[in-house]
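[1] What follows is a predicted structure for the sequence shown.
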Amino acid sequence: MDITRTYETIRVRFDSDVCFIQIHRPEENNTINDCLIDEFTKVLALCEESIKIVVLEGSPEVFCFGADFKGIQKNLTNVEKHEEQNPEPLYNLWLKLAFGPYITIAHVRGKANAGGVGFVAACDVVLCEEKAVFSLSELLFGLMPACVLPFLIRRMGFSKANYMTLMTQPISAKQAHDWGLVDAYEEKSENLLRKHLLRLRRLSKTGISRYKRYMSTLDEVLVKSKSKALEANIEVFSDQNNMEKIAQYVLTGQFPWEGN
């Protein structure tokens with residue numbers, strides 16, 4: 001295992017049988033781009049054989065803010081190198097978090113929005129600080145959290161996921177806990193994470209791998225939902241009106257309902 005490699009969009013630290021992956025794009029509000037998905041996926045591949053626990057973190061201010069709108073806007077204006085949206089690598093990454101042979105913990109501080117909530121919902125255990133907030137802002141731009149929803153419905157049920165999607169407003173750590181998205185929260189979540197790691201490290205790698213493999217056979221909805229999620233995602237990101245709303249937001253800071 002190459003534990004010395006450095007990455008462009010994430011920081012990775014191995015501590016015996018635990019791998020800490022920190023989303024690190026501070027200049028871009030910890031948003032998701034293709035490089036982040038590729039690097040994250042490669043690190044998870046390194047964890048298959050011997051890592052028991054994968055801890056996913058962001059910065060104290062922003063866990064992950066979803067799609068990289070600046071990157072999308074830049075891609076739209078680059079006629080020569082324009083690339084179509086492909087959501088499949090991200091969906092596959094979240095499937096790895098859900099079913100890989102390791103326990104995945106999302107440790108959330110600050111804001112988790114849109115695809116950031118997808119990372120959260122895909123993990124086995126979700127811990128957060130008391131000040132953390134969770135939101136789905138996609139519908140404000142005519143989009144929808146198509147790939148997030150199968151994972152979110154799995155954690156908090158259809159009605160709450162539907163309500164959260166429609167309202168587009170942030171919910172608190174307490175509300176996220178009451179709705180089932182968050183498993184535990186405290187004012188100082190570092191202590192909460194430490195206590196969970198102390199307990200989970202007692203489990204064997206063989207036992208974890210066997211359990212996760214078995215659980216994946218009981219929960220087939222994520223795999224069955226994949227084609228519909230990808231299709232819906234491509235549809236909304238292929239809509240020129242939606243792309244213009246994103247471009248306006250990036251260039252002017254105005255939301256779609258402002259300035260009309």
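    Perfect, I can see it now.

[2] pull the helix or strand with minimum mean pLDDT from this protein.
    When the helices and strands of the chain are scored by mean pLDDT, DSSP states H and E, helix 69-77 comes last with a mean of 85.

[3] Mind giving me the packing neighbours of that helix?
    For helix 69-77, the packing partners by 3 or more CB pairs under 8 Å, 6 or more residues apart in numbering; DSSP states H and E come out as helix 240-252. (Each C-beta comes from the backbone N, C-alpha and C, glycine too.)

[4] between the helix it packs on and helix 69-77, how big is the angle?
    120 degrees (axes from the mean of the first three to the mean of the last three CA atoms, to 10 degrees).

[5] in the stretch 1-150 of the chain, what spans have low per-residue confidence?
    1-4, 79-83 (pLDDT under 70).

[6] And the strands in it?
    10-15, 18-23, 53-57, 62-64, 103-108, 111-113, 125-129, 133-135 (DSSP state E, counting those that start in this stretch).

[7] For L192, which of those strands is the nearest?
    Closest of those to L192 is strand 125-129, at 5.1 Å (criterion: CB to CB).

[8] ok, now how distant is the residue positioned nearest the centre of the chain from L140?
    For the chain, the residue nearest the mean C-alpha position is F119 (1.9 Å; CA atoms, centre = their mean). Noted for F119: a distance of 20 Å to L140, by CB to CB, to the nearest Å.

[9] go on, L251?
    16 Å.

[10] Those two: which is more packed in?
    Taking neighbours as other CB atoms under 10 Å, L251 and L140 compare with L140 leading, 14 against 11.

[11] Looks like that one contacts M167 (just checking).
    No - L140 lies out of contact with M167 (CB atoms under 8 Å); the separation is 10.6 Å.

[12] what's the neighbour count on N75?
    17.

[13] A184 too?
    15.

[14] which parts of the least confident helix or strand of the chain are buried?
    Residues 69-73, 75 are the ones in helix 69-77 that count as buried (16 or more other CB atoms under 10 Å).

[15] Extract the CA atoms of it and return them as CSV.
    Extracted in CSV, the C-alpha atoms of helix 69-77 (Å, rounded to 0.1, in the frame of the first residue of the first chain):
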residue,chain,number,x,y,z
PHE,A,69,-20.5,25.1,-10.0
LYS,A,70,-17.4,27.1,-11.0
GLY,A,71,-16.0,24.0,-12.8
ILE,A,72,-19.4,23.4,-14.5
GLN,A,73,-19.6,27.0,-15.7
LYS,A,74,-16.0,26.9,-16.9
ASN,A,75,-16.7,23.7,-18.8
LEU,A,76,-19.8,25.3,-20.5
THR,A,77,-17.8,28.2,-21.8
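
[16] Please tell me how far F158 sits from K74.
    36 Å.

[17] for D178, same thing?
    Per CB to CB, D178 is found 39 Å from K74.

[18] same check, this time on L218
    In terms of CB to CB, L218 sits 42 Å off from K74.

[19] residues in contact with I103?
    Residues counted as contacts of I103 (CB atoms under 8 Å, 6 or more residues apart in numbering) are 52-54, 124-125, 200, 203, 208, 212.

[20] give me that answer again for 7 Å
    52-53, 124-125, 200, 208 (CB atoms under 7 Å, 6 or more residues apart in numbering).

[21] Take these and write them to a markdown table, including distance to A247 and neighbour count.
    As requested, these are arranged in a markdown table below (distance: CB to CB, whole Å; neighbours: other CB atoms under 10 Å):
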| residue | distance to A247 | neighbour count |
| --- | --- | --- |
| K52 | 44 | 23 |
| I53 | 41 | 24 |
| D124 | 37 | 21 |
| V125 | 38 | 17 |
| L200 | 44 | 17 |
| I208 | 45 | 20 |
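
[22] ok, the residues you listed vs F20, which is closest?
    Using CB to CB, the contacts of I103 come closest to F20 at I53, 9.2 Å.

[23] Return the set of residues that bridge with that closest one.
    Beta-bridge partners for I53, by DSSP bridges, are V18, I103.

[24] residue boundaries of the helices in the stretch 151-260 of the chain?
    Remark: helices assigned in the stretch 151-260 of the chain by DSSP state H, counting those that start in this stretch are 158-167, 173-178, 189-200, 205-218, 221-237, 240-252.
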